[in-house]
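> quick one, fold the following:
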Amino acid sequence: MDNPNERFVRETEVITTQLVLPNDTNQLGNLLGGTLMHWIDIAAAIAAQRATGRVCVTASVDELNFHQPVRLGDVVTLCASVNRVFTTSMEVGVLVTAQTMDGKPARRANNAYLTFVAIDGEGRPVRISQVIPETEEERRRYEDALRRRELRLQHRRTK
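Predicted coordinates for the structure are as follows:
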């Protein structure tokens, strides 16, 4: 690493676990989407702050895919890390798995991509240092993040 402020992707990783309780569910016993979004945003914010050493704010949520319902009593694990840093923003990916207490394997429940911006004491965006991918998977996510960013920017221009 040439820049002492750079971080490896693994240094931004956050793993958090939640138990789905009755107050977290709808009338069908499924986890409320808003509750899951709250958990995702917190995990992603911590990953962004680990990458920058600064307060980071959510700029956008690009994609939030619900693959399978998460049920009352499930154990939810959220794995977040910074996929790529741009100038003052970064993409954070979050993978959500759910597992029942009966020992069956965890299942992929959701995934999300969020954009965060690092800010200074006055709330203005600041330049941030790169994250460095080391593994094949991290390099794939790094490249995919650029493609998603280009789509975000293209979408913004067409509005």
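
> the nearest residue to I42 once chain neighbours are set aside pairs with what?
Among residues not flanking I42 along the chain, T16 sits closest, at 7.6 Å (CB to CB, 6 or more residues apart in numbering). (Each C-beta comes from the backbone N, C-alpha and C, glycine too.) Under the criterion DSSP bridges, T16 forms beta bridges with L78.

> wait, isn't T16 in contact with T77?
Yes. Using CB atoms under 8 Å, T16 is in contact with T77, at 7.4 Å.

> all helices of the protein, in order?
33-52, 136-157 (DSSP state H).

> so of those helices, which one's packed in deepest?
Stretch with highest mean neighbour count among these: helix 33-52 (a mean of 20; mean count of other CB atoms under 10 Å).

> so what touches that helix?
7, 11-14, 16, 18, 24, 55-58, 61, 64, 66, 70, 76, 78-82, 85, 90, 92, 94, 96, 110, 112, 114, 116, 118, 128-129, 131 (CB atoms under 8 Å, 6 or more residues apart in numbering).

> just checking, what packs against the worst-scoring helix or strand of the chain on mean pLDDT?
Least confident helix or strand of the chain, by mean pLDDT, DSSP states H and E, is strand 56-66 with a mean of 89. Contact here means 3 or more CB pairs under 8 Å, 6 or more residues apart in numbering; DSSP states H and E; on that basis strand 56-66 packs against helix 33-52, strand 89-99, strand 107-118, helix 136-157.

> quick one: contacts of the longest one?
Applying CB under 8 Å, 6+ apart, the external contacts of helix 136-157 come out as 9-10, 60, 62-63, 81, 83-84, 86, 91, 93, 113, 115, 133.
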